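# mind folding the following:
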Amino acid sequence: MNSRVYEVLRCADGSGGKNGTQVSQVSANKFMSLHSVSNGDYYLILSDGNLSRRDKDGEIDVEQRTKELWPVTQSKSTKPKNVEDPKTVGLKCYDIGYRYAFASTSSMKGKKVNPAENFSVPERCRNDSNTDKGIEDGAKAAF
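Down below sits the predicted model:
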């Protein structure tokens, strides 16, 4: 989410966490939880998509890739790539970035988010300094 990766613990029956702990990306497929830096625990995404949990002594266990437990936001969009979401049409990139970050940050803090603010940043606003400034301001405002 917002170029950050989170560890979210869920059970096979779907119960468990909806929010997670931020992890840092060490390499393309290696992630380290911020609270496990001292003991060397880390996660490695294997070539088959399974998740290996390891420490300095080697592999601890492997979690099978379970699509049913992935967050809804991980699913592929059925919209054609070139079509902009009607929720963002006519908005300036700064406003899109602000609303996107405010909604995302609020959601991570457990607050309810207006469905009208649930959208992805359109292609026209990606890699745009106005969008980046809006994201920065929106995230700050959510705190």
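# domain parsing of the chain, as residue ranges.
According to automatic domain parsing, the chain comprises the domains 5-69, 76-142.
# which stretch in the ones you listed has the least confidence?
Per-stretch mean pLDDT for the domains of the chain is lowest at domain 5-69 (a mean of 76).
# related to what we said a few turns ago, just name the most buried of the domains of the chain.
Stretch with highest mean neighbour count among those: domain 76-142 (a mean of 15; mean count of other Cβ atoms under 10 Å). (Each C-beta comes from the backbone N, C-alpha and C, glycine too.)
# quick one: distance of that domain to the chain centre.
13 Å (Cα atoms, centre = their mean, to the nearest Å).
# how about stretch 22-31?
13 Å.
# please name the bridge partners of the residue lying closest to residue 4 once chain neighbours are set aside.
Among residues not flanking residue 4 along the chain, residue 22 sits closest, at 5.8 Å (Cβ to Cβ, 6 or more residues apart in numbering). Legend: beta-bridge partners of residue 22 under DSSP bridges are residue 6.
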